[in-house]
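Peer 1: got a sequence here, can you build the structure:
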Amino acid sequence: MRRDDIGERERVLTRLERLVAIESPSFDRPASGAVVGLLAEWWTSAGAEVRLIESAAGTDLVAEVAGVGDPLLLVGHSDTVWPRGTLDGEVPWLVDGDTVRGPGVYDMKSGLIVMIAAIERLRGRSHRAVRAVIVCDEEVGSPHSQQLLRSCAMGVRGAIGFESPHPDGALKVGRRGSTRVLLTVRGRAAHAALDPDSGVSAIDELVDQLIAVRGIVTDPALAVEVLCNVGTITGGGRANVIPADASAEIGLRFVDADSEHRVLAALRELRPVREGAVVDLRVLSHRPAWSPSAADERLRERVSVVGDRIDQQIDARPASGAGDTNLLGSLGIPTVDGFGPRGGGAHAATEHASMASLMERIDLLTALLADMPV
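Peer 2: Residues are numbered from 1 along each chain as shown. I've put the predicted structure just below:
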(Lines give C-alpha, C1' and ligand atoms only; values in the text may rest on other atoms or scores of the structure.)
Protein backbone atom coordinates (compact mmCIF):
# COMPACT_ATOMS: atom_id res chain seq x y z
CA MET A 1 0.00 0.00 0.00
CA ARG A 2 1.37 3.41 -0.99
CA ARG A 3 2.06 6.02 1.68
CA ASP A 4 -0.67 8.29 0.29
CA ASP A 5 -3.11 5.35 0.41
CA ILE A 6 -2.18 4.76 4.05
CA GLY A 7 -2.71 8.44 4.78
CA GLU A 8 -6.17 8.43 3.21
CA ARG A 9 -7.15 5.29 5.09
CA GLU A 10 -6.12 6.90 8.37
CA ARG A 11 -8.07 10.05 7.50
CA VAL A 12 -11.13 8.02 6.60
CA LEU A 13 -10.92 6.03 9.84
CA THR A 14 -10.50 9.19 11.90
CA ARG A 15 -13.55 10.75 10.28
CA LEU A 16 -15.61 7.63 10.83
CA GLU A 17 -14.66 7.65 14.50
CA ARG A 18 -15.72 11.30 14.79
CA LEU A 19 -19.11 10.54 13.26
CA VAL A 20 -19.69 7.50 15.46
CA ALA A 21 -18.63 9.49 18.54
CA ILE A 22 -21.64 11.77 17.97
CA GLU A 23 -24.39 9.40 19.01
CA SER A 24 -27.42 10.36 16.93
CA PRO A 25 -30.59 8.38 17.67
CA SER A 26 -33.69 9.22 15.67
CA PHE A 27 -35.67 12.25 16.93
CA ASP A 28 -32.73 13.54 19.01
CA ARG A 29 -32.60 17.03 17.52
CA PRO A 30 -29.43 18.27 19.30
CA ALA A 31 -27.54 15.13 18.28
CA SER A 32 -28.84 15.41 14.73
CA GLY A 33 -27.65 19.01 14.52
CA ALA A 34 -24.22 18.05 15.81
CA VAL A 35 -23.57 15.19 13.41
CA VAL A 36 -24.96 17.08 10.41
CA GLY A 37 -22.93 20.13 11.38
CA LEU A 38 -19.76 18.07 11.10
CA LEU A 39 -20.84 16.62 7.76
CA ALA A 40 -21.64 20.12 6.49
CA GLU A 41 -18.09 21.23 7.30
CA TRP A 42 -16.63 18.38 5.26
CA TRP A 43 -18.96 18.87 2.30
CA THR A 44 -18.32 22.61 2.23
CA SER A 45 -14.56 22.06 2.35
CA ALA A 46 -14.93 19.71 -0.62
CA GLY A 47 -16.49 22.51 -2.66
CA ALA A 48 -20.18 21.71 -2.26
CA GLU A 49 -23.01 24.17 -1.75
CA VAL A 50 -24.72 22.98 1.42
CA ARG A 51 -28.24 23.54 2.73
CA LEU A 52 -29.46 22.47 6.16
CA ILE A 53 -33.18 21.83 6.59
CA GLU A 54 -34.73 21.73 10.05
CA SER A 55 -37.73 19.55 10.86
CA ALA A 56 -39.43 18.15 13.94
CA ALA A 57 -37.13 15.13 13.65
CA GLY A 58 -33.82 16.97 13.40
CA THR A 59 -31.60 18.36 10.65
CA ASP A 60 -31.36 17.17 7.05
CA LEU A 61 -28.50 18.06 4.72
CA VAL A 62 -28.51 18.69 0.97
CA ALA A 63 -25.18 19.20 -0.82
CA GLU A 64 -24.80 20.24 -4.46
CA VAL A 65 -21.51 19.57 -6.23
CA ALA A 66 -21.08 21.16 -9.65
CA GLY A 67 -20.15 18.87 -12.52
CA VAL A 68 -21.16 17.56 -15.92
CA GLY A 69 -24.78 16.77 -16.86
CA ASP A 70 -27.79 16.10 -14.66
CA PRO A 71 -26.77 15.20 -11.12
CA LEU A 72 -26.50 11.75 -9.65
CA LEU A 73 -28.38 11.66 -6.34
CA LEU A 74 -26.49 10.18 -3.38
CA VAL A 75 -28.80 9.17 -0.51
CA GLY A 76 -27.96 8.54 3.13
CA HIS A 77 -29.11 9.09 6.71
CA SER A 78 -27.46 10.35 9.86
CA ASP A 79 -29.72 8.77 12.50
CA THR A 80 -29.13 5.42 14.16
CA VAL A 81 -31.20 2.98 16.21
CA TRP A 82 -28.87 3.32 19.20
CA PRO A 83 -29.67 5.51 22.25
CA ARG A 84 -27.13 7.84 23.76
CA GLY A 85 -24.74 6.05 26.07
CA THR A 86 -24.31 3.01 23.84
CA LEU A 87 -20.68 3.91 23.13
CA ASP A 88 -19.86 3.66 26.82
CA GLY A 89 -21.80 0.46 27.20
CA GLU A 90 -23.01 -2.22 24.84
CA VAL A 91 -21.27 -1.16 21.61
CA PRO A 92 -17.96 0.64 22.22
CA TRP A 93 -15.77 2.01 19.44
CA LEU A 94 -13.19 -0.65 18.56
CA VAL A 95 -10.74 -1.16 15.70
CA ASP A 96 -9.51 -4.73 15.36
CA GLY A 97 -7.44 -5.15 12.20
CA ASP A 98 -9.81 -4.62 9.28
CA THR A 99 -12.91 -4.61 11.49
CA VAL A 100 -14.37 -1.43 12.95
CA ARG A 101 -17.10 -1.62 15.59
CA GLY A 102 -19.42 0.99 17.04
CA PRO A 103 -23.05 2.16 17.07
CA GLY A 104 -24.03 3.22 13.55
CA VAL A 105 -20.65 2.32 12.04
CA TYR A 106 -22.33 -0.06 9.57
CA ASP A 107 -25.81 1.47 9.40
CA MET A 108 -24.78 3.84 7.99
CA LYS A 109 -22.11 6.31 8.99
CA SER A 110 -19.49 4.44 6.98
CA GLY A 111 -21.65 5.00 3.88
CA LEU A 112 -21.62 8.75 4.59
CA ILE A 113 -17.83 8.63 4.63
CA VAL A 114 -17.79 6.93 1.20
CA MET A 115 -19.71 9.86 -0.31
CA ILE A 116 -17.52 12.66 0.98
CA ALA A 117 -14.22 10.83 0.37
CA ALA A 118 -15.08 10.26 -3.31
CA ILE A 119 -16.08 13.91 -3.78
CA GLU A 120 -12.78 15.03 -2.27
CA ARG A 121 -10.83 12.79 -4.63
CA LEU A 122 -12.64 14.27 -7.62
CA ARG A 123 -12.10 17.92 -6.77
CA GLY A 124 -10.45 19.63 -9.74
CA ARG A 125 -11.35 16.74 -12.09
CA SER A 126 -14.19 16.40 -14.58
CA HIS A 127 -17.02 14.33 -13.14
CA ARG A 128 -20.76 13.87 -13.04
CA ALA A 129 -22.66 16.55 -11.09
CA VAL A 130 -23.71 15.32 -7.65
CA ARG A 131 -26.59 16.06 -5.31
CA ALA A 132 -26.41 14.44 -1.89
CA VAL A 133 -29.28 14.25 0.58
CA ILE A 134 -28.70 13.01 4.12
CA VAL A 135 -31.88 12.70 6.17
CA CYS A 136 -32.25 12.46 9.93
CA ASP A 137 -35.25 10.11 10.31
CA GLU A 138 -34.65 7.10 8.03
CA GLU A 139 -34.58 4.58 10.87
CA VAL A 140 -38.17 5.49 11.77
CA GLY A 141 -39.51 5.47 8.23
CA SER A 142 -38.53 9.00 7.09
CA PRO A 143 -41.90 10.50 8.08
CA HIS A 144 -40.58 14.08 7.96
CA SER A 145 -38.06 13.81 5.11
CA GLN A 146 -40.00 12.05 2.35
CA GLN A 147 -41.05 15.30 0.74
CA LEU A 148 -37.43 16.48 0.79
CA LEU A 149 -36.40 13.24 -0.92
CA ARG A 150 -39.02 13.80 -3.60
CA SER A 151 -37.84 17.34 -4.27
CA CYS A 152 -34.18 16.30 -4.36
CA ALA A 153 -35.01 13.59 -6.90
CA MET A 154 -36.30 16.09 -9.45
CA GLY A 155 -34.07 16.28 -12.51
CA VAL A 156 -31.52 13.67 -11.42
CA ARG A 157 -29.94 11.11 -13.73
CA GLY A 158 -30.16 8.33 -11.17
CA ALA A 159 -29.92 7.58 -7.46
CA ILE A 160 -27.50 5.61 -5.31
CA GLY A 161 -28.28 4.59 -1.73
CA PHE A 162 -25.45 4.12 0.76
CA GLU A 163 -27.09 1.58 3.02
CA SER A 164 -25.18 -1.64 3.67
CA PRO A 165 -24.94 -4.19 0.84
CA HIS A 166 -25.86 -7.84 0.94
CA PRO A 167 -23.46 -9.86 3.14
CA ASP A 168 -21.37 -10.80 0.10
CA GLY A 169 -21.09 -7.17 -1.00
CA ALA A 170 -23.74 -7.35 -3.73
CA LEU A 171 -25.73 -4.20 -4.36
CA LYS A 172 -29.48 -4.01 -3.79
CA VAL A 173 -31.80 -3.44 -6.75
CA GLY A 174 -35.41 -3.71 -5.61
CA ARG A 175 -36.71 -3.69 -2.05
CA ARG A 176 -39.87 -4.84 -0.30
CA GLY A 177 -42.29 -2.06 0.54
CA SER A 178 -42.65 -1.34 4.24
CA THR A 179 -45.69 0.16 5.97
CA ARG A 180 -46.29 0.55 9.70
CA VAL A 181 -49.86 1.03 10.86
CA LEU A 182 -51.42 1.62 14.24
CA LEU A 183 -54.71 -0.21 14.80
CA THR A 184 -56.60 1.44 17.66
CA VAL A 185 -59.80 0.26 19.31
CA ARG A 186 -62.03 2.27 21.63
CA GLY A 187 -64.50 0.31 23.76
CA ARG A 188 -66.35 1.14 26.95
CA ALA A 189 -65.15 0.51 30.49
CA ALA A 190 -67.30 -1.26 33.09
CA HIS A 191 -66.94 -3.47 36.15
CA ALA A 192 -66.11 -6.94 34.86
CA ALA A 193 -68.32 -8.69 37.47
CA LEU A 194 -70.96 -6.22 38.63
CA ASP A 195 -71.90 -4.68 35.27
CA PRO A 196 -70.29 -6.64 32.44
CA ASP A 197 -73.14 -6.03 29.96
CA SER A 198 -72.46 -2.29 30.04
CA GLY A 199 -68.88 -2.72 28.90
CA VAL A 200 -67.34 -3.17 25.47
CA SER A 201 -63.96 -4.85 25.66
CA ALA A 202 -61.43 -3.06 23.48
CA ILE A 203 -59.04 -5.98 23.90
CA ASP A 204 -61.56 -8.57 22.72
CA GLU A 205 -62.35 -6.32 19.76
CA LEU A 206 -58.67 -5.91 18.98
CA VAL A 207 -58.16 -9.69 18.99
CA ASP A 208 -60.95 -10.12 16.44
CA GLN A 209 -59.58 -7.28 14.34
CA LEU A 210 -56.12 -8.89 14.29
CA ILE A 211 -57.68 -12.15 13.12
CA ALA A 212 -59.30 -10.16 10.31
CA VAL A 213 -55.93 -8.60 9.49
CA ARG A 214 -54.39 -12.06 9.27
CA GLY A 215 -57.09 -13.06 6.82
CA ILE A 216 -56.40 -10.01 4.66
CA VAL A 217 -52.65 -10.58 4.39
CA THR A 218 -53.03 -14.32 3.70
CA ASP A 219 -55.77 -13.91 1.07
CA PRO A 220 -55.08 -16.55 -1.64
CA ALA A 221 -56.02 -13.97 -4.26
CA LEU A 222 -52.81 -12.06 -3.53
CA ALA A 223 -50.19 -12.87 -6.16
CA VAL A 224 -47.21 -12.77 -3.77
CA GLU A 225 -46.50 -13.24 -0.08
CA VAL A 226 -47.17 -10.35 2.28
CA LEU A 227 -45.20 -10.32 5.52
CA CYS A 228 -47.12 -9.18 8.60
CA ASN A 229 -45.72 -8.68 12.09
CA VAL A 230 -47.72 -7.46 15.08
CA GLY A 231 -44.89 -5.73 16.88
CA THR A 232 -46.59 -4.25 19.94
CA ILE A 233 -49.95 -4.59 21.70
CA THR A 234 -51.19 -2.30 24.46
CA GLY A 235 -54.45 -2.05 26.36
CA GLY A 236 -56.29 -2.59 29.55
CA GLY A 237 -55.12 -2.21 33.12
CA ARG A 238 -56.93 -4.43 35.62
CA ALA A 239 -58.56 -7.83 35.41
CA ASN A 240 -61.73 -6.55 37.11
CA VAL A 241 -62.24 -3.70 34.62
CA ILE A 242 -63.43 -4.23 31.07
CA PRO A 243 -60.79 -2.38 29.02
CA ALA A 244 -61.85 0.72 27.13
CA ASP A 245 -58.72 1.08 24.98
CA ALA A 246 -56.38 -1.20 23.09
CA SER A 247 -54.02 -0.87 20.15
CA ALA A 248 -51.50 -2.76 18.08
CA GLU A 249 -48.64 -1.56 15.90
CA ILE A 250 -48.33 -3.71 12.78
CA GLY A 251 -45.47 -3.94 10.31
CA LEU A 252 -46.25 -4.97 6.73
CA ARG A 253 -43.83 -5.87 3.92
CA PHE A 254 -44.83 -6.00 0.26
CA VAL A 255 -43.01 -7.34 -2.79
CA ASP A 256 -45.11 -5.49 -5.35
CA ALA A 257 -47.32 -2.42 -5.59
CA ASP A 258 -50.50 -4.34 -6.44
CA SER A 259 -50.46 -6.44 -3.25
CA GLU A 260 -49.55 -3.34 -1.27
CA HIS A 261 -52.52 -1.38 -2.61
CA ARG A 262 -54.99 -4.25 -2.12
CA VAL A 263 -53.96 -4.99 1.46
CA LEU A 264 -53.88 -1.35 2.57
CA ALA A 265 -57.28 -0.72 0.96
CA ALA A 266 -58.75 -3.75 2.79
CA LEU A 267 -57.27 -2.63 6.11
CA ARG A 268 -58.91 0.77 5.72
CA GLU A 269 -62.26 -1.01 5.39
CA LEU A 270 -62.03 -2.75 8.78
CA ARG A 271 -65.24 -2.31 10.76
CA PRO A 272 -66.08 -3.09 14.44
CA VAL A 273 -67.38 -6.54 15.31
CA ARG A 274 -69.02 -5.33 18.55
CA GLU A 275 -71.72 -2.74 18.86
CA GLY A 276 -70.31 0.32 20.58
CA ALA A 277 -66.71 -0.31 19.59
CA VAL A 278 -64.77 2.14 17.43
CA VAL A 279 -61.90 1.00 15.20
CA ASP A 280 -59.31 3.34 13.72
CA LEU A 281 -56.34 2.62 11.44
CA ARG A 282 -53.53 5.16 11.10
CA VAL A 283 -50.49 4.86 8.83
CA LEU A 284 -47.34 5.65 10.84
CA SER A 285 -44.85 5.34 7.99
CA HIS A 286 -44.97 4.17 4.41
CA ARG A 287 -42.29 3.13 1.98
CA PRO A 288 -43.67 1.88 -1.35
CA ALA A 289 -42.57 -1.38 -2.88
CA TRP A 290 -39.67 -0.96 -5.29
CA SER A 291 -39.70 -3.57 -8.04
CA PRO A 292 -36.54 -3.69 -10.20
CA SER A 293 -36.96 -1.95 -13.56
CA ALA A 294 -35.06 -1.86 -16.84
CA ALA A 295 -33.75 1.59 -15.84
CA ASP A 296 -32.42 0.19 -12.56
CA GLU A 297 -30.73 -2.61 -14.47
CA ARG A 298 -29.01 -0.17 -16.83
CA LEU A 299 -27.58 1.76 -13.90
CA ARG A 300 -26.52 -1.48 -12.25
CA GLU A 301 -24.79 -2.55 -15.45
CA ARG A 302 -22.96 0.78 -15.58
CA VAL A 303 -21.71 0.27 -12.03
CA SER A 304 -20.64 -3.27 -12.91
CA VAL A 305 -18.69 -2.13 -15.99
CA VAL A 306 -16.89 0.52 -13.94
CA GLY A 307 -16.22 -2.06 -11.24
CA ASP A 308 -14.61 -4.41 -13.77
CA ARG A 309 -12.21 -1.64 -14.79
CA ILE A 310 -10.91 -1.32 -11.24
CA ASP A 311 -10.93 -5.09 -10.58
CA GLN A 312 -14.13 -5.14 -8.52
CA GLN A 313 -16.86 -7.64 -9.33
CA ILE A 314 -20.20 -5.98 -8.66
CA ASP A 315 -23.36 -8.09 -8.40
CA ALA A 316 -26.87 -7.04 -7.39
CA ARG A 317 -30.18 -8.57 -6.33
CA PRO A 318 -33.37 -7.55 -4.51
CA ALA A 319 -33.47 -7.06 -0.73
CA SER A 320 -36.14 -7.68 1.89
CA GLY A 321 -35.47 -4.63 4.04
CA ALA A 322 -36.82 -1.19 3.12
CA GLY A 323 -35.08 2.18 2.96
CA ASP A 324 -35.25 5.59 1.34
CA THR A 325 -34.44 4.11 -2.07
CA ASN A 326 -37.87 2.43 -2.00
CA LEU A 327 -39.41 5.80 -2.76
CA LEU A 328 -36.90 6.73 -5.45
CA GLY A 329 -37.04 3.38 -7.22
CA SER A 330 -40.84 3.33 -7.12
CA LEU A 331 -40.87 6.76 -8.81
CA GLY A 332 -39.08 5.27 -11.82
CA ILE A 333 -35.72 6.89 -11.10
CA PRO A 334 -32.82 4.56 -12.02
CA THR A 335 -31.73 3.40 -8.59
CA VAL A 336 -29.28 1.08 -6.86
CA ASP A 337 -28.65 0.71 -3.14
CA GLY A 338 -26.13 -1.01 -0.89
CA PHE A 339 -23.17 1.23 -1.75
CA GLY A 340 -21.97 1.13 1.84
CA PRO A 341 -19.13 -1.21 2.84
CA ARG A 342 -19.47 -4.87 3.78
CA GLY A 343 -19.88 -5.70 7.43
CA GLY A 344 -22.70 -7.00 9.58
CA GLY A 345 -24.72 -6.75 12.77
CA ALA A 346 -26.98 -3.90 11.74
CA HIS A 347 -29.16 -2.91 14.74
CA ALA A 348 -27.28 -5.44 16.91
CA ALA A 349 -24.45 -5.28 19.43
CA THR A 350 -22.23 -7.03 16.87
CA GLU A 351 -22.45 -4.11 14.42
CA HIS A 352 -19.23 -3.77 12.43
CA ALA A 353 -17.82 -2.66 9.10
CA SER A 354 -14.79 -3.59 7.00
CA MET A 355 -12.25 -0.84 6.38
CA ALA A 356 -10.94 -2.60 3.26
CA SER A 357 -14.46 -2.71 1.85
CA LEU A 358 -15.02 0.93 2.77
CA MET A 359 -11.94 1.95 0.77
CA GLU A 360 -13.12 -0.21 -2.16
CA ARG A 361 -16.48 1.58 -2.16
CA ILE A 362 -14.69 4.93 -2.27
CA ASP A 363 -12.72 3.65 -5.28
CA LEU A 364 -15.92 2.49 -6.95
CA LEU A 365 -17.89 5.70 -6.41
CA THR A 366 -14.95 7.82 -7.54
CA ALA A 367 -14.60 5.81 -10.73
CA LEU A 368 -18.34 5.85 -11.37
CA LEU A 369 -18.69 9.61 -11.01
CA ALA A 370 -15.65 10.19 -13.22
CA ASP A 371 -16.86 7.75 -15.86
CA MET A 372 -20.63 8.25 -16.20
CA PRO A 373 -21.44 9.69 -19.65
CA VAL A 374 -23.61 12.76 -20.09
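
Peer 1: secondary structure class for residue 183?
Peer 2: Under DSSP: H, G, I helix; E, B strand; the rest coil, the three-state class of residue 183 is strand.

Peer 1: tell me, how many residues neighbour the residue nearest to it when sequence neighbours are not counted?
Peer 2: Spatially, and ignoring its direct neighbours in sequence, residue 183 is nearest to residue 248 (4.9 Å; C-beta to C-beta, 6 or more residues apart in numbering). Quick note: C-beta positions are derived from backbone N, CA and C, even for glycine. A count of neighbours around residue 248, defined by other C-beta atoms under 10 Å, yields 20.

Peer 1: next up, the contacts around residue 248.
Peer 2: Residue 248 is in contact with 182-183, 206, 210, 230, 232-234, counting by C-beta atoms under 8 Å, 6 or more residues apart in numbering.

Peer 1: how about the helices in the stretch 151-300 of the chain?
Peer 2: 202-217, 257-268, 294-309 (DSSP state H, counting those that start in this stretch).

Peer 1: adding mean pLDDT, mean neighbour count and distance to residue 353, write those out as TSV.
Peer 2: Shown next, in TSV, are those (pLDDT from 0 to 100; neighbours: other C-beta atoms under 10 Å; distance: least, C-beta to C-beta, whole Å):
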stretch	mean pLDDT	mean neighbour count	distance to residue 353
helix 202-217	98	18	35
helix 257-268	95	17	32
helix 294-309	97	16	19
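
Peer 1: thinking again about what came up before, so what's the residue nearest to residue 183 bridging to?
Peer 2: residue 183, residue 233 (DSSP bridges).

Peer 1: and stretch 82-93, how far apart are its ends?
Peer 2: 13 Å (C-alpha to C-alpha, to the nearest Å).

Peer 1: residues contacting it, please?
Peer 2: Outside stretch 82-93, the residues that reach it (C-beta under 8 Å, 6+ apart) are 17, 20-21, 23, 25, 28, 31, 101-105, 349, 351.

Peer 1: of all the residues in that stretch, which ones are buried?
Peer 2: 82, 86-87, 91 (16 or more other C-beta atoms under 10 Å).

Peer 1: over to stretch 150-159?
Peer 2: 152-153, 156-159.

Peer 1: ramachandran angles for the spatially most central residue of the chain?
Peer 2: Centroid-nearest residue in the chain, with C-alpha atoms, centre = their mean: residue 323, separated by 3.2 Å. Per-residue torsions, residue 323: phi -160, psi -170 (degrees, to the nearest 10).
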